[in-house]
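# Got a predicted structure plus its sequence, pasted below:
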Amino acid sequence: MTDYREIIRQKRLEFSNLAIASSLRCSHNTVSEVLKLSETHSLEWSIPDYEYVYNKLANPSITLSLLWTEYGAKCEAEHIII
């Protein structure tokens, strides 16, 4: 089964369509179609702000689970698929 999220992630990292197809063992046509649909529906792979997470985790009352819940709520509000 094709990992559509991984296609979008690798494209965000500026891999070529052929390199993505090769690494995921799918056709380059599948990669092209997924990228076309992701652009049509404004789906993108966002890069997490690790500095923010690191600084927040310095507080002993903040847990990674709490930050994940906060991130999920933010993505939902902004209509970002995680």
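Looks like it came in fine. A quick note: this is a predicted structure, and the numbers were derived from the prediction, not measured. Numbering: from 1, shown residues only.
# in stretch 52-71, what's buried?
Buried positions in stretch 52-71, judged by neighbour count with 16 or more other C-beta atoms under 10 Å: residue 71. Using the backbone N, CA and C atoms, a C-beta is placed for each residue, glycine as well.
# Distance from the chain centre to it, please.
Relative to its chain's centre, stretch 52-71 lies at 19 Å (C-alpha atoms, centre = their mean, to the nearest Å).
# Please work out the average pLDDT along it.
Computed over stretch 52-71, the mean pLDDT rounds to 91.
# One more: stretch 11-23?
95.
# ok, residue 31 to residue 47 distance?
Applying C-beta to C-beta, to the nearest Å, the value for residue 31 to residue 47 is 20 Å.
# Please identify which of these two sits among more neighbours.
The neighbour count for residue 31 versus residue 47, taken as other C-beta atoms under 10 Å, is higher for residue 31 (25 against 9).
# Return the residues in contact with that one.
7, 17, 20-21, 24 (C-beta atoms under 8 Å, 6 or more residues apart in numbering).
# Serialize the residues you listed to JSON lines and add fields for neighbour count.
Converted to JSON lines, the contacts of residue 31 look like this (neighbours: other C-beta atoms under 10 Å):
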{"residue": "7", "neighbour count": "25"}
{"residue": "17", "neighbour count": "17"}
{"residue": "20", "neighbour count": "23"}
{"residue": "21", "neighbour count": "20"}
{"residue": "24", "neighbour count": "17"}
